[in-house]
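Need the 3D shape of this:
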Amino acid sequence: MPRKHKVTRPITDSIMLKKFLDKLKSEGEMGERNYAIFQTGKVTCLRVSDVLALKKDQVFDKRGRVKKEVFTKDKKTKKQNRLYLTPVRDVLEDYYEWLQDYEKKHPYKKLASSEWLFPSSRYLGENKPIAENTYYRICHKIGLKLGVDWIGSHTMRKTGAFIIYEQTGHNIGFVSHLLNHSSEAMTFRYLGFEEERKEALLDQINFNRV
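Below you'll find the model as predicted:
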């Protein structure tokens, strides 16, 4: 039976987010890949399974430039998604160049030749994307080094949703639409806002009058 992961939360502090991203990018041989995954998930608000299922030819043209229109299908809801990648274009194009350089140095790993946008570095010759559990462990381990135990692979999506919520004047309807949620209440629960929202509303009640 697979081990259950601890419930993850969004990173809601800019300093913590920078520390996390810096460590994610700098730690380990695959830091550039791991960083690009998080940034892609944060900007697109895709589920981690959908981010890891992306293929290079969906995202890049033949010159290694991010395409203007990128379409994908949500694995869970089966809905079509049109991805807006402009905010993460530079990250992805830098990552593309890194893949080419990496394969020149390690030709037997075939990362640049893989069809997957975020290939695994473990399965030589098998052409697989990085596994979701593997990416969870990478993110969680860095979170522990920063003193928190609630960071995991889903943190990237939740963090992106939180940033959009804050910077759109708390437009929960827009965030709910981006997440393909069926209701705003689901989005509040997803972001962990349910209790905060309830308390904020109760604080406005005058219990001394009817």
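
ok, longest helix in this structure?
helix 89-105 (DSSP state H).

what's the following helix or strand past that one packed up against?
Sequence order places helix 132-145 as the next helix or strand after helix 89-105, per DSSP states H and E. In terms of contacts (3 or more Cβ pairs under 8 Å, 6 or more residues apart in numbering; DSSP states H and E), helix 132-145 is packed against helix 14-26, helix 31-44, helix 48-52, helix 155-167. Backbone N, C-alpha and C define where each C-beta goes, glycine included.

Please repeat the previous calculation with a cut-off of 7 Å.
helix 14-26, helix 48-52 (3 or more Cβ pairs under 7 Å, 6 or more residues apart in numbering; DSSP states H and E).

what's near enough to touch residue 57?
The contact partners of residue 57, taken as Cβ atoms under 7 Å, 6 or more residues apart in numbering, number zero.

Using the three-state scheme, assign it.
Here residue 57 is helix, with the state taken from DSSP: H, G, I helix; E, B strand; the rest coil.

I'd like to know how far the residue positioned nearest the centre of the chain sits from residue 199.
The residue lying closest to the centre of the chain (Cα atoms, centre = their mean) is residue 41, at 2.5 Å. To residue 199, residue 41 is 30 Å away according to Cβ to Cβ, to the nearest Å.

What residues of stretch 54-63 count as buried?
54, 56, 59, 60 (16 or more other Cβ atoms under 10 Å).

farthest pair in these?
Of all pairs drawn from those, the greatest distance, 10.3 Å, lies between 54 and 60 (Cβ to Cβ).

about what we covered before: now, which of the buried residues of stretch 54-63 sits nearest residue 76?
Nearest to residue 76 out of the buried residues of stretch 54-63 is residue 54 (Cβ to Cβ; 15.4 Å).

Next one, pLDDT for that closest one please.
Residue 54 is assigned 97 on the pLDDT scale.

swap in residue 42?
Looking at residue 42, its pLDDT stands at 98.

gap between the closest residue to it other than its chain neighbours and residue 79?
For residue 42, ignoring the flanking residues on the chain, the nearest one in space by Cβ to Cβ, 6 or more residues apart in numbering is residue 160 at 3.9 Å. Going from residue 160 to residue 79 by Cβ to Cβ gives 18 Å.
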